[in-house]
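A.B. asks: structure for this input, please:
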Amino acid sequence: MEDMRKSSVIMVLLAVVLIMAIGYAAFAQQLTINGSAEINSTWDVHIEDIAVNNTTLDAENVSTSVGDNHLSATFNANLTTPGSSVTYDVTVKNGGTLDAKLDSIVFTDSNNDAIVYSYSGISKDDVIDAGGTQTFTITVTFNDSYTTMPESTTSSVTMNLTYVQG
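C.D. replies: Next up is the predicted model:
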């Protein structure tokens, strides 16, 4: 009798395990998730405009140009008297859909010690919101403390702007 009871318990346990295995197999399925994403953002930061704002004494703007990368500009001015200067307004436009942060602003001049330049209204880490603009000034000046007449009174200053996603 004892053997029969043990056999019955074993059979019941085997039946329970079999039912659990069938139940697990019935509910266990391979789950496949497919997805896709499309990024529709644009990056379009560029110098939109350069305008002569002011000239002092006998200074004159010779030319301005925007470089091929649209984030560099060259300013050529003829400065014949110490203290003479040309001031430019530069407008940078963010025509893209991402905010742009100024990572660096680098000036390269024509190595003429008599000519100095300065800028205002822009600094590293400035952010131009998507669709926005930023206008700043650049002034090219014949150093009024320069005591000798330089070989050339024409200056060429190139500005390079580097923007990153902000």
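A.B. asks: now do the same contact list for V106.
C.D. replies: M159, N160, T162 (C-beta atoms under 8 Å, 6 or more residues apart in numbering). Quick note: C-beta positions are derived from backbone N, CA and C, even for glycine.
A.B. asks: so which strand or helix has the second one?
C.D. replies: Secondary-structure element containing N160, defined by DSSP states H and E: strand 154-165.
A.B. asks: quick one: buried residues of that strand?
C.D. replies: Neighbour-count burial for strand 154-165 flags S155, S156, V157, T158, M159, L161, Y163 (criterion: 16 or more other C-beta atoms under 10 Å).
A.B. asks: hmm, who's touching it?
C.D. replies: Taking C-beta under 8 Å, 6+ apart as the rule, strand 154-165 contacts 43, 45, 47, 62, 67, 71-79, 90, 92, 98-110, 112, 115, 117, 119, 128, 138, 140.
A.B. asks: can you select the buried ones from these in ChimeraX?
C.D. replies: Buried subset of the contacts of strand 154-165, written as a ChimeraX selection, criterion 16+ other C-beta under 10 Å:
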select :45,47,71,72,73,74,75,76,77,78,79,90,92,98,99,100,101,102,105,112,115,117,119,128,138,140
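A.B. asks: the contacts of strand 154-165 in helices, which ones?
C.D. replies: Judged by DSSP state H, helices contain none of the contacts of strand 154-165.
A.B. asks: the strands in this structure, which residues?
C.D. replies: Residue ranges of the strands in the chain, as given by DSSP state E, are 45-56, 60-66, 72-78, 85-94, 100-108, 115-120, 127-128, 133-142, 154-165.
A.B. asks: who are the packing partners of the first one?
C.D. replies: If I follow you right, that is strand 45-56. strand 60-66, strand 72-78, strand 85-94 (3 or more C-beta pairs under 8 Å, 6 or more residues apart in numbering; DSSP states H and E).
A.B. asks: the second one too?
C.D. replies: Other elements packing on strand 60-66 under the criterion 3+ C-beta pairs under 8 Å, 6+ apart are strand 45-56, strand 72-78, strand 85-94.
A.B. asks: can you redo those as a markdown table with distance to Q134 and mean pLDDT?
C.D. replies: Formatted as a markdown table, the helices and strands packed on strand 60-66 follow (distance: least, C-beta to C-beta, whole Å; pLDDT from 0 to 100):
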| stretch | distance to Q134 | mean pLDDT |
| --- | --- | --- |
| strand 45-56 | 10 | 94 |
| strand 72-78 | 14 | 90 |
| strand 85-94 | 5 | 96 |
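A.B. asks: looking at those strands, spot the one closest to P150.
C.D. replies: strand 72-78 (12.4 Å; C-beta to C-beta).
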